[in-house]
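Peer 1: just the structure for this:
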Amino acid sequence: MKHNFNAGPVVLPKEAIEATINAIRDFAGTGIGLLEISHRTPGWEKVMAETEQLWKELLNIPEGYRVLFLGGGASTQFYNVPMNLMNTKAAYLVTGVWAKKAMQEAKKLGNVEIVASSDDKNFNYVPKGYTIPTDADYFHITTNNTIYGTEIHVDMDSPVPLVADMSSDIMSRPVDVSKYALIYGGAQKNVGPAGVTFVIVREDILKKEKGSLPTMVDYRTHFDNADPRNNSMFNTPPVLPIYTMYETLKWVKANGGVEGMYKKNVEKAALLYNEIDRNPLFIGTAEKEDRSLMNVCFVMNKGHEEKEEAFMDFAKKAGMVGIKGHRSVGGFRASIYNACPLESVQALVACMQEFEKMHA
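Peer 2: Below is the predicted model of the structure:
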């Protein structure tokens, strides 16, 4: 049996995969496959509307927000955000590679203030005690750092519009969406396959004059066209990944919603972190208070560094897939997103314990 710990794309609910396969063969009884239908098909318009409704229901998204389904990945939003929201200055919290990339894109478009950074310790912690500048047009954070295994666990208060890249922890824990002006992310962690990007945006922050930005970059283009009174869709959406997202969100709802996901994720993370802390061969890389529930990063403990390759080979033979750490950190990374079953985490823990017996 294979246990999928890939960081992204990742393990998905089997029910969502099967439903997508069936829809590819025949979408909603039309006799035409999902990959061949027009996005103006009434059945597809229903999927679009229900997918947004699932987002709103699962995250308790307040009135005044819309959920947009766009192409280009989260990296495209690195410049879409400043193009839509920056007038004079933006503020950024730099907690990892992706946060840094987002900041660098914003710098191309205007003045950027870095309020804090954990670069000094290779991003193994989340900075505290910083001050958000009140003259910034927005404050940008990356809530979960897949490479380094750190996570911001609270929905902070911000004196300026708060923008968050939640690519890798959306739907994994309850979120007070009302504290954010905009939330975005790639789907390929917790809510679907690669190919679609979600943007949860509050209408009142879209203040730039319509037509002043390139059409596809302007959030209002998609915001207005996604209005159910229009339901016109400005351009062809990424149909296949949206459908898998739709089925994935139905699975989340059927399994206790976001609260249910959070409870299971806490259990999985505790099991694996407890083993890392107990096992003398391994040591975690992130500060304990900032450890991610989604990406568990660890290395061989001091005195056992030479065993890294041996453990990697041992784990692969035991069916562990995708546990090699990012090259900037090394060691190992087990990504335990929503659809990663507890049984896979138990198998990894057993693998670590067996390796310990072999090398005691």
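Peer 1: how many neighbours does residue 350 have?
Peer 2: Using other Cβ atoms under 10 Å, residue 350 has 12 other residues around it. Every C-beta, even on glycine, is put in place using the N, C-alpha and C of the backbone.
Peer 1: let's verify it: helix, strand, or coil?
Peer 2: helix (DSSP: H, G, I helix; E, B strand; the rest coil).
Peer 1: ok, it to residue 284 distance?
Peer 2: With the distance defined as Cβ to Cβ, to the nearest Å, residue 350 ends up 19 Å from residue 284.
Peer 1: how about the strands in this protein?
Peer 2: 3-4, 65-70, 89-94, 111-117, 139-142, 144-145, 150-151, 162-165, 182-186, 197-202, 282-284, 295-300, 320-321, 332-335 (DSSP state E).
Peer 1: out of those, indicate the one that is most buried.
Peer 2: Of all the strands of the chain, strand 144-145 has the most neighbours on average by mean count of other Cβ atoms under 10 Å, namely a mean of 28.
Peer 1: what comes into contact with it?
Peer 2: For strand 144-145, contacts defined as Cβ atoms under 8 Å, 6 or more residues apart in numbering pick out 95-99, 123, 150-152, 166-169, 292, 294-295.
Peer 1: now, the most widely separated pair of those residues?
Peer 2: Maximum pairwise distance among the contacts of strand 144-145 (Cβ to Cβ): 17.4 Å, between 123 and 166.
Peer 1: so where is the stretch 201-350 of the chain shaky, pLDDT-wise?
Peer 2: For the stretch 201-350 of the chain, residues meeting the criterion pLDDT under 70 lie at 225-232.
Peer 1: all the helices of it, residue numbers only.
Peer 2: In the stretch 201-350 of the chain, the segments counted as helices under DSSP state H, counting those that start in this stretch are 219-225, 239-254, 257-278, 308-317, 342-358.
Peer 1: out of those helices, flag the one nearest residue 16.
Peer 2: Of all the helices of the stretch 201-350 of the chain, helix 239-254 comes closest under Cβ to Cβ, at 3.8 Å.
Peer 1: mind listing what's buried along the closest one?
Peer 2: Buried positions in helix 239-254, judged by neighbour count with 16 or more other Cβ atoms under 10 Å: 239-252.
Peer 1: what packs against it?
Peer 2: helix 14-25, helix 42-59, helix 257-278 (3 or more Cβ pairs under 8 Å, 6 or more residues apart in numbering; DSSP states H and E).
Peer 1: can you redo these as TSV with distance to residue 130?
Peer 2: Shown next, in TSV, are those (distance: least, Cβ to Cβ, whole Å):
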stretch	distance to residue 130
helix 14-25	39
helix 42-59	27
helix 257-278	26
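Peer 1: can I get the ones you listed in TSV including mean neighbour count and distance to residue 194?
Peer 2: As requested, the helices and strands packed on helix 239-254 are exported to TSV (neighbours: other Cβ atoms under 10 Å; distance: least, Cβ to Cβ, whole Å):
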stretch	mean neighbour count	distance to residue 194
helix 14-25	16	14
helix 42-59	17	17
helix 257-278	17	20
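Peer 1: one step back: okay if I get the strands of the chain as CSV plus distance to residue 210?
Peer 2: CSV is the format used below for the strands of the chain (distance: least, Cβ to Cβ, whole Å):
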stretch, distance to residue 210
strand 3-4, 44
strand 65-70, 15
strand 89-94, 21
strand 111-117, 24
strand 139-142, 23
strand 144-145, 33
strand 150-151, 36
strand 162-165, 20
strand 182-186, 17
strand 197-202, 14
strand 282-284, 48
strand 295-300, 39
strand 320-321, 47
strand 332-335, 40
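Peer 1: so which of those comes closest to residue 214?
Peer 2: It's strand 65-70; of the strands of the chain, that one is closest to residue 214 (Cβ to Cβ) at 13.5 Å.
Peer 1: buried ones in stretch 98-113?
Peer 2: Within stretch 98-113, the residues that count as buried by 16+ other Cβ under 10 Å are 98-103, 105-106, 112.
Peer 1: tell me the pLDDT at the closest residue to residue 165 other than its chain neighbours?
Peer 2: The spatial neighbour of residue 165 that comes closest, neighbours along the chain excluded (Cβ to Cβ, 6 or more residues apart in numbering), is residue 142 at 4.5 Å. Here, the pLDDT recorded for residue 142 equals 98.
Peer 1: pretty sure residue 142 sits against residue 103.
Peer 2: No - using Cβ atoms under 8 Å, residue 142 is not in contact with residue 103, being 9.6 Å away.
Peer 1: who wins for proximity to residue 39 among the strands of the chain?
Peer 2: Of the strands of the chain, nearest to residue 39 by Cβ to Cβ is strand 65-70, at 11.2 Å.
Peer 1: what packs against that closest one?
Peer 2: Going by 3+ Cβ pairs under 8 Å, 6+ apart, strand 65-70 lies up against helix 42-59, strand 197-202, helix 219-225.
Peer 1: next one: phi and psi at residue 359?
Peer 2: Taking degrees, to the nearest 10, you get phi -120, psi 20 for the backbone angles of residue 359.
Peer 1: ok, how many other residues are close to it?
Peer 2: For residue 359, the count of nearby residues is 12 (other Cβ under 10 Å).
Peer 1: isn't it right next to residue 281, touching?
Peer 2: Yes - when contacts are counted by Cβ under 8 Å, residue 359 is listed as touching residue 281 (6.6 Å).
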